[in-house]
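>>> I would like the atomic coordinates for the input below:
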Amino acid sequence: MKNHIEIYTDGACSPNPGPGGYGVIVVQDGHKTELMGGFRNTTNNRMEMLAAIEGLKFLNGNHDSQITVYSDSRYVVDMLNGGYAEKWRANGWMLTNRKQAQNSDLWSQLLDLTQTKAIQFEWVKGHNEHPENERCDEMAVEARQQNNLPVDNGYEITLAQETTQLSLFDLPA
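The predicted model follows:
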């Protein structure tokens, strides 16, 4: 029988966008491991995704186990369970022929991590006294409140590129 591993995740950002953090609890072989981190400027959705990524990366290729990832983010759970993220990747990260999918850097990582494992994503209602979800929320908030947070390159570089593209259109002819 396969081992069952549970990963509980949460992300926080205040304001959104702004300083953000994630919290993760990995329950494996009766042991709990807590992970957290933050970034100086990011979004709540990115932190929700990064929490799942960091939890899966922590397992370091444990392919024999059934894994359940619990998240209060419909964005993460529905996009993966509904196959939308896979469709975006197949379409070159385009939602339509004119609109690019957001967070493709993190979706790509998350999809790569879920390709070779038996992983189920389950939605849990946030702030509903679920002990692991509440603890993940505490860690995410604590992480975003740290000093000297690193840059979320995937967010800040994309934001800078979008700003540059917009300002080019605003130049006088």
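>>> where do the helices sit along this structure?
Remark: helices assigned in the chain by DSSP state H are 44-58, 74-81, 84-90, 104-114, 131-144, 153-170.
>>> export the third one to PDB, keeping only CA atoms.
Right, the one you point to is helix 84-90. C-alpha atoms of helix 84-90 as PDB (Å, rounded to 0.1, in the frame of the first residue of the first chain):
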ATOM      1  CA  TYR A  84      -7.300  24.700 -17.500                       C
ATOM      2  CA  ALA A  85      -3.600  25.200 -16.600                       C
ATOM      3  CA  GLU A  86      -2.700  22.300 -18.900                       C
ATOM      4  CA  LYS A  87      -4.700  23.800 -21.700                       C
ATOM      5  CA  TRP A  88      -3.000  27.200 -21.200                       C
ATOM      6  CA  ARG A  89       0.400  25.500 -21.500                       C
ATOM      7  CA  ALA A  90      -0.700  23.700 -24.600                       C
END
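>>> buried ones in that helix?
Across helix 84-90, burial judged by 16 or more other Cβ atoms under 10 Å covers 85, 88-89. (C-beta placed from N, C-alpha, C; glycine too.)
>>> can you pull up the most central residue in this structure?
Per Cα atoms, centre = their mean, the C-alpha nearest to the average position across the chain is that of residue 49, at 0.8 Å.
>>> run a quick neighbour tally on the nearest residue to that one once chain neighbours are set aside.
Counting by Cβ to Cβ, 6 or more residues apart in numbering, residue 106 is the residue found nearest to residue 49 once chain neighbours are left out, at 4.4 Å. Residues near residue 106, counting by other Cβ atoms under 10 Å, number 22.
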